[in-house]
Structures are given as structure tokens and as C-alpha cells.
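Asks: mind folding the following:
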Amino acid sequence: MKALKQRKVKKLLLVVLDQFRYDYASYLKKCRNYISSIKLCDANSIPTMTESMHTNISTGKYPGKHEIISDSYYDERKKPSLIPFPSMYQNLISLIDSGEINFLSRLAYEKGYLVWCVGGKPKTAQLLTQLEACNVRVLRDVATNKAGVQSIHRRFKKPLEKVIDKQNLREYRAKKLDDPRLDLWVANLAQVVINNVLKDASPWLGIIAFPALDYIGHTYGPASRECITAIKQLDKILFNIFSNPDLNDAFIIITGDHGCRTIKTAIIMDEEKDPKKFIVYKRYADMFVVEDEIPIGSLIRKALSHIILDGGMIRFWLQEMNSIARLVEWLDSAKGLGKYLAKICSSLEKSDLQIIEHSRHRNFGEIFALAEEDVAFFRREWFRASRWKITQGEPLVAGEEMPLGEHGSIWEEDRYVPLILSQKIPERKSYENIDIFNICMKLIA
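Replies: Numbering: from 1, shown residues only. Modelled structure (predicted):
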């Protein structure tokens, strides 16, 4: 394809595939006619989780500036610096309103673009578009598993709701989210918006966020047959969307938020809010078996305010800052998590420091440690095993009860995603996910 001749484009479509790892781009064979170039794109920040990485894309800033991190439980009785996601999101909106941070969809809206978004995960749609600056937003309702229309223009809402109600009746009904039909459902909703809203509309910015690959990668593993099948289906889904006549001459960007690793060791806590020990599961064939239990001694528990498990890393808040040395020593010892950790905040290499600098903010934690490449820290709500099986030390079925894939780490499999463009742009030496914001702004400036 020819290079982009003019900076301002009238149709810009951003497609974000949740957990679209860098090597998955090779499976997009039907879409080749819509691809001009594929770049390697680095998150260059942690944790490489859905919430923080989507916000990197929408703001062009690292977590150290936008302060969005993965969802955290909140205990009002303890240290108030640990804030839950709704408060994080409100803080982001305040930063946008004050002008400290720009927001892609809002800037496009202010420049006269019709902005629309279809998302399978409500949070990702929130982090990619601000409702007050979005003409049409269609989300999956978590409670009903149906689509709901959010719109600030009534002329779009009623006609869309009628079509989508029919779509809900005949489309995705699976209770499990790790079902590739979820992406087909999102794609069909996107086609509904394109066919009913974009008739002769110009200019516009469209954002579609596909969620199923993330769920499938967690359950079955990033190299599984199920995961590859889902990517191949996405290839067909995207081809059908891009072939829509209303997308003629659209500038298309396809990317992911993060990658995924195959997990061989899973670490959980016996309790989320007042843990007494870590339980270490090792994978053997199709089962995860308890290999180790690491007690959290009374002195360490007394020193701690919070512990947050975040896939590829673990974050700590302290009751008293003079406990740092004691906690680090325990973490690094044979009695602690030492053999499952790649790096602790006190022993980082030069190459890591920039990533940490990009990532640190008030909700990041006072002490943190990074997991080994095949190790993951899992929160209780991330897997399906019953509390009884955990307390009894029973083996857990791989995939069904304990995930086989996880992200959030500093490792390349989690950090790198493809950046796929339908038209050429001026080359750069390297690309990060914050550059997607800048590319989009140059196209609509």
C-alpha cells in the first residue's frame, strides 16, 4: 500500500485485541490486503495488565502519569493510599479535565469527529473512551451478558437499541467468557453501529475492543490449540469488518494491550485480606499440585498493610516504612518467596529502572517483586477452584480450575504486542504502546 499522503484522515479505526501477543500477527492471513506494515510494540511499563495498558494507548502516558493499575481490593480500615478501580477511574477523569493528561477520544470529539466504541469488557471501553465525548458506546452488560447502548445523542440510541435487541436474541449466549463466539458477538455489534450510524458520516474515530482472546489465553494457555483457533477466527472477523463499504479509505490500526506467558508454577494466598501463608502449586501434566507452603510470620504480617497479587508481580504496602529491610530480606530468603522471584525492587538491573520509573505511582506499592518467567501470582477471583479444595490441599485441574496463561510481568512475552497499520507512516527506530496515541493524533490533527 502507498504511504499516507496527508496527515488528516476522515476515518480512523483503532482495533484493540486483548492479549494479542507479538507472534500472533502471523495468523492474520485473510487481512493481509489491509496491512501495510507490522511493528513490534513494547509496553515499557508494568504491570502489563488490561487496565493499565489500555490507558497507555488512550492517553499516550505511562502508568506513572495516568495512575491506572489493575483492580485492587479496598479495605477502608487499612491504609487509604490503596484505591479501588472506580476511584482510579475518577482520578483519571480529573487529570483529563484539568488538562494534565490528554485523552484520544475526547480530543477527536473536540475536533469534530464522530466518536464510537464497541467493547466486550466494560472497563476497556471506559478506558478507551469518555462517555461525555463519545457519540455511541455499546458495551457488554456483565450482569445480563447482553449489549447495552450508551449514547449522548438520542437520535442514535433508539434505532440502535431496536437492532441490538434483535442481535442479543440470536447471538452470544455462552456463560463462559473463554468462548470465541464472544468476539463474533462484538464484531456483529460493531457492524450494526457501522451500518446504522456511519452512513455518509465523516470524519469519525471508531474503537473496537475484542476480549475473548484474553479469557481463552488464561484458561488454555497462550500456545494452546484453542488460542490459535480463536486468533484464526479473529482474522476472519476482522476481514469481514474491514470489507464493509463504509470503511473504504479508513486508516486502520490493530494492536494488543499485552501478551501472555505459559504458567508452570501458580502462587496464591490462603486469604486475600489477612493472609497467613502463600500456597505454591506446580503443574504436572493436566494438574496443579501443592508443592510448597510459605508461612507469613507474625513479624512480617505486623509490618504489612496490604499484599496485592498481580500476575507477574507482587506488591506490598507497609504499616511502617522502617520495615522495608526486614521485608526485603524475608522475600529474598529461602524461607520467603526467593526461589520464585526473578527480581526484587532492591536488586533491579539498569535495564529495569526505566520501566519502573515509567510505572511507579501512589497505587503501585511501596515494595514490589517480579516473578520468574513461568511463575504467576493469582488472586482468588482469577481461578475457579472451590475454597474447600484449596483448604484441603487438593490437586487442581489445569485450565478448568487453575489458569494456564498469565501476564502482568516484565518479561517479553507479556510486554510485546504487534502494531499493525493499514497505511505507511514515517518510520521510527522503536515503538511503544504510548506511541499509538501520538500516531492517532497526527492522523486527526
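Asks: so, low pLDDT: which residues of the protein?
Replies: Low-confidence segments of the chain, defined by pLDDT under 70: 1-7, 71-82, 142-145, 165-176, 200, 346-350.
Asks: now do 50
Replies: Counting by pLDDT under 50, the chain contains low-confidence residues at 1-6, 80, 169.
Asks: against His407, how distant is the most centrally placed residue in it?
Replies: In the chain, the centroid-proximal residue (C-alpha atoms, centre = their mean) is Thr50; its distance is 1.4 Å. According to C-beta to C-beta, to the nearest Å, Thr50 and His407 sit 9 Å apart. (Each C-beta comes from the backbone N, C-alpha and C, glycine too.)
Asks: might one say that the residue nearest to the centre of the chain is in contact with Asp257?
Replies: Yes - using C-beta atoms under 8 Å, Thr50 makes contact with Asp257 at a distance of 5.8 Å.
Asks: overlap in contacts, these two.
Replies: Shared contacts of Thr50 and Asp257, defined by C-beta atoms under 8 Å, 6 or more residues apart in numbering, comprise 18, 124.
Asks: count of residues packed around the nearest residue to Lys389 once chain neighbours are set aside?
Replies: Spatial nearest neighbour of Lys389, chain neighbours left out: Leu396 (6.5 Å); criterion: C-beta to C-beta, 6 or more residues apart in numbering. Neighbours of Leu396 under the rule other C-beta atoms under 10 Å: 22.
Asks: and what of Phe316?
Replies: Neighbour count for Phe316, taken as other C-beta under 10 Å: 22.
Asks: just checking, it touches Gly365?
Replies: Yes - with contact defined as C-beta under 8 Å, Phe316 reaches Gly365; the gap is 5.7 Å.
Asks: which neighbours do those two share?
Replies: Joint contacts of Phe316 and Gly365 (C-beta under 8 Å, 6+ apart) are Ile308.
Asks: what is the neighbour count of the closest residue to Trp204 other than its chain neighbours?
Replies: Leaving aside its chain neighbours, Trp204 sits nearest to Leu114 (4.2 Å; criterion: C-beta to C-beta, 6+ apart). By other C-beta under 10 Å, the residues close to Leu114 number 20.
Asks: make residue 1 into 621 and carry on from there
Replies: Sure, I'll start counting at 621 from here, so that last one is Leu734.
Asks: any idea how far Phe859 is from Leu734?
Replies: Look at Leu734 and Phe859: by C-beta to C-beta, they are 24 Å apart.
Asks: quick one, what contacts the residue nearest to the centre of the chain?
Replies: Contacts of Thr670 by C-beta under 8 Å, 6+ apart are 638, 690, 741, 743-744, 834, 877-878.
Asks: what about Lys659, which helix or strand?
Replies: strand 657-662 (DSSP states H and E).
Asks: same question for Pro779.
Replies: Applying DSSP H and E, one finds Pro779 within helix 774-790.
Asks: and if you look at Trp937?
Replies: Using DSSP H and E, Trp937 falls in strand 933-938.
Asks: convert that strand to CSV, retaining C-alpha atoms only.
Replies: Below are the C-alpha coordinates for strand 933-938, written out as CSV (Å, rounded to 0.1, in the frame of the first residue of the first chain):
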residue,chain,number,x,y,z
MET,A,933,4.4,-9.3,40.1
ILE,A,934,3.5,-8.9,43.8
ARG,A,935,3.1,-5.6,45.5
PHE,A,936,3.3,-4.7,49.2
TRP,A,937,2.2,-1.8,51.4
LEU,A,938,3.8,-1.3,54.8
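Asks: against which helices or strands is it packed?
Replies: strand 924-930, helix 944-952, strand 987-991 (3 or more C-beta pairs under 8 Å, 6 or more residues apart in numbering; DSSP states H and E).
Asks: tell me which of those is the most buried.
Replies: strand 987-991 (a mean of 24; mean count of other C-beta atoms under 10 Å).
Asks: quick one: buried residues of the strand or helix carrying Asn860?
Replies: According to DSSP H and E, Asn860 maps onto helix 845-862. Across helix 845-862, burial judged by 16 or more other C-beta atoms under 10 Å covers 847, 850-855, 857-859, 861-862.
Asks: greatest separation within those: which pair is it?
Replies: Cys847 and Phe862 (22.4 Å; C-beta to C-beta).
Asks: contacts only, for the residue nearest to Ala870 when sequence neighbours are not counted.
Replies: Residue nearest to Ala870 in three dimensions, not counting chain neighbours: Lys631, with 3.8 Å by C-beta to C-beta, 6+ apart. Contacts for Lys631 (C-beta under 8 Å, 6+ apart) come out as 822-824, 826, 867, 869-871.
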